[in-house]
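Colleague: got a predicted model here, sequence first, then my questions.
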Amino acid sequence: MEARGGTDAAVLLPLHGWPEEPGLIFTERRADMRRHAGEISFPGGRRDDTDADLMATALREAQEEIGLDPDQVELCGALPPAATFVTGYRIHPYVGLVADPKELDLQPNPAEVETVLAFSLEGLQSGYEMRRLVRRGVPIHTPTYEVDGHLIWGATARILGDLLDRLG
């Protein structure tokens, strides 16, 4: 599928509790990161030359960022790619079923991730709002999700919205 962006990246949408009490796992990036500092995102990143494909990228990045063993992920689908407007990434999202985050012993990589977050789909849906944000001096009108004081916006919010639409 086509999407804007010059750099391929992939993210994993770790879905837990399906279907009874579904939720997703996110990362909060460190505030001192060069790109997307302090933002809430799905675990993921740029494709490495050693990655067999973008699905392998998503699994590798989730392991590097939060310690999620690829063997603990049951991949169940992919969503259309999304683009980042400022940094020029073409993000390929993959959905994977995982155990409850409390059972996974997830550990944030201190070089990249401030904390690992888990939110219920219900909480995410109820925290939806279109907002006007200012990014690098440019006002944008964007979908957002706010849960427990954490704001999800940008490409992550667009990917999340696509998943929520598909799940009904």
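Modeller: Yes, it's here.

Colleague: for Glu146, list each beta-bridge partner.
Modeller: Leu151 (DSSP bridges).

Colleague: how about the nearest residue to the residue nearest the centre of the chain, chain neighbours excluded?
Modeller: The C-alpha lying nearest the average C-alpha coordinate of the chain belongs to Phe42 (Cα atoms, centre = their mean; 1.7 Å). On the basis of Cβ to Cβ, 6 or more residues apart in numbering, the spatially nearest residue to Phe42 that is not a chain neighbour turns out to be Val11, at 3.9 Å. C-beta: built from backbone N, CA, C; applies to glycine.

Colleague: got it, and Leu13?
Modeller: Among residues not flanking Leu13 along the chain, Val95 sits closest, at 4.6 Å (Cβ to Cβ, 6+ apart).

Colleague: that neighbour and His16 touch, don't they?
Modeller: No - contact criterion Cβ atoms under 8 Å: Val95 and His16 do not qualify, at 11.5 Å.

Colleague: okay, these two: which has more neighbours?
Modeller: In this comparison of Val95 against His16, neighbours counted by other Cβ atoms under 10 Å, the higher total goes to Val95 at 24 against 20.
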